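> Take a look and give me a structure for this.
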Amino acid sequence: MALFRVGPLPDGALAAAARFHGEVLPRVLAELARGEDLVLVFAPADHTHRGWRLAVVQQLAREHAPLRVNALAAEDDAAVAAAEAYLASAPGVTGQYLPLDGNGAGGLLSRV
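Predicted coordinates for the structure are as follows:
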């Protein structure tokens, strides 16, 4: 499973989605062409970003099955590592957008 950290995007949802599709998506597609499950890691954002992020991850998961594609929204490296470990042990989970808060759920979710 590969982690792909999505770089900084604009604060506004429309501008962020436009930059993602124009600049980041080609790199994501190249990563998927390597044939490995992928976890996109976005910076946290407000609720206005949820729709476009979820649509992206769901469409990528559909188009690249049987590869699994999921997305996280987090700044906390420990939370990202715990979620990555969970996803690695959950082969049926794909097309999900999971905002993380990093408040210590890692021990409950995995044995990392």
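> make it CA atoms for all contacts and neighbour counts henceforth
Fine.
> residues touching Ala71, list them.
Neighbouring residues of Ala71 by Cα atoms under 8 Å, 6 or more residues apart in numbering: 39-42, 57, 95-98.
> Dig out what it forms beta bridges with.
Beta-bridge pairing for Ala71 (DSSP bridges): Leu40, Tyr97.
> any idea how far it lies from Leu60?
Ala71 is 10 Å from Leu60, where distance means Cα to Cα, to the nearest Å.
> can you give me the strands for the chain?
2-5, 38-42, 69-73, 97-99 (DSSP state E).
> now for the last one, which elements pack on it?
The helices and strands touching strand 97-99, judged by 3 or more Cα pairs under 8 Å, 6 or more residues apart in numbering; DSSP states H and E, are helix 50-63, strand 69-73.
> For Leu72, give its distance to Phe42.
Counting by Cα to Cα, the gap from Leu72 to Phe42 is 6 Å.
> Looking at the two, which is more packed in?
Leu72 (24 against 21; other Cα atoms under 10 Å).
> Is that one in contact with Val39, as I believe?
Yes - counting by Cα atoms under 8 Å, Val39 is a contact partner of Leu72 at 7.1 Å.
> Okay, now stretch 3-22: how far is its last residue from its first?
Counting by Cα to Cα, you get 20 Å between the two ends of stretch 3-22.
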